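J.: model this:
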Amino acid sequence: MSGPTPSGAALWPVTPEIADALYSWRRLLSDERGYSPKTVDAYWHDTKEAFISFADQFGEPVSAKYLTALKPAHVRFVMARRRESGLDQASISRALSAWRSCFGYLEERSLAVVAPFKAMKVRRTKDRLPRPLTVSDATAIIVGSVIETEREPWVKARDIAIFSLLYGCGLRISEALSLTQADLLLTGRSHRLRVTGKGNKVREAPVLPAVERAILDYLDRCPFPINARDPMFRGVKGGPLNPRMIQRAMETMRGALGLPSSATPHALRHSFATHLLSAGGNLRAIQELLGHASLNSTQIYTKVSSDDLLDSYRAAHPRAG
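T.: Sure thing, here's the model as predicted:
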């Protein structure tokens, strides 16, 4: 792990006491709050840059003496430097969230104050709308008709199963790749998946027959033994599947189908939500299926659906021109 360690501050301009606290904060994010490794790394990098800026302002390694006397001017200096490095508003907003989390943790240990960070405001960025696929394009992907024929049949079956989960159940790619056979609740009348989402929150998602068939076909073809509680999707050497392999498979299909660069694995999840909503799906139900903590996160799909409807109107209505 890069950055400070419990024994010292070799790579960060901080005192050993602060280094130990920072290391504990990182473990809290990962182990207790369930943040993804990507988010933890982003928070870690943003916080390291803040401490480098503080050390430049103070002229020596950062200690509790300075952190408990922070002023808004110190934080503005940090934010200005981050902007000068080329960060956009969304990245600045993420960095501010990281700093508030970190300094809130340090304040609980009487090592810093968080108020100067809470006083900072970041200009709200315009929401970027999801870019879903059309129904026909999403269907072409999960059918897998353009997956290279020279690939081993079990690998092709694996990729189809994963894409089916993203589009058919609205899963994030990390959620799909963490599924175990114990999470397949396929007995009885209601076939479901147990999904572990962000913050280790568990939800259940219904499984369409086509998705279930894709999963079982993959499990039947997979040449590696899979423990019931180990991730069931495997790489070609038998280890847990790296998400980059699924991204590459999507890139290949994107080229074969002539789709834009916005056609990513995550776009299948967007398509799941948008197509459900367009077909009259209940927003609250879609929120539950997606695992969104807030309805605000789900409501963005109403904007996508409205825009699609307006585009169709403009294209079809005789007086729209």
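J.: hey, where'd the helices end up in the stretch 201-321 of the chain?
T.: Per DSSP state H, counting those that start in this stretch, the stretch 201-321 of the chain carries helices over the ranges 209-221, 243-257, 265-278, 283-290, 295-316.
J.: Out of these, which is closest to Arg76?
T.: Nearest to Arg76 among the helices of the stretch 201-321 of the chain is helix 295-316 (28.7 Å), distances taken as C-beta to C-beta. All C-beta atoms are positioned from the backbone trio N, CA, C, and that covers glycine.
J.: quick one: contacts for Leu219?
T.: Gln181, Ile226, Met232 (C-beta atoms under 8 Å, 6 or more residues apart in numbering).
J.: shaky segments in this structure?
T.: 1-11, 122-130, 145-150, 296-321 (pLDDT under 70).
J.: repeat that for 80
T.: 1-11, 34, 36, 87-90, 121-131, 144-151, 188-189, 199, 277-288, 291-321 (pLDDT under 80).
J.: re the thing from before, out of the helices of the stretch 201-321 of the chain, which gets nearest to Phe163?
T.: That would be helix 265-278 among the helices of the stretch 201-321 of the chain, by C-beta to C-beta, at 6.2 Å.
J.: and the closest one, what does it pack onto?
T.: With contacts taken as 3 or more C-beta pairs under 8 Å, 6 or more residues apart in numbering; DSSP states H and E, helix 265-278 sits against helix 135-143, helix 153-168, helix 243-257, helix 283-290, helix 295-316.
J.: Of the ones you listed, which stretch is the most buried?
T.: Mean neighbours per residue, mean count of other C-beta atoms under 10 Å, is largest over those for helix 153-168, with a mean of 24.
J.: What lies in contact with that helix?
T.: Under the contact criterion C-beta under 8 Å, 6+ apart, helix 153-168 has outside partners 138, 141-144, 147, 171-173, 176-177, 179, 193, 207-208, 210-211, 214-215, 217-218, 221-223, 233-234, 236, 241, 246, 249-250, 265-266, 268-269, 271-272.
J.: ditto for stretch 106-126
T.: Counting by C-beta under 8 Å, 6+ apart, 17-18, 21, 25, 64, 67-72, 74-76, 79, 88-90, 92-93, 96, 99-100, 103-104 sit against stretch 106-126.
J.: Also stretch 53-70?
T.: For stretch 53-70, the surrounding residues in contact (C-beta under 8 Å, 6+ apart) are 9, 13-15, 17-18, 51, 74, 77-78, 81, 103, 106, 110-113, 116.
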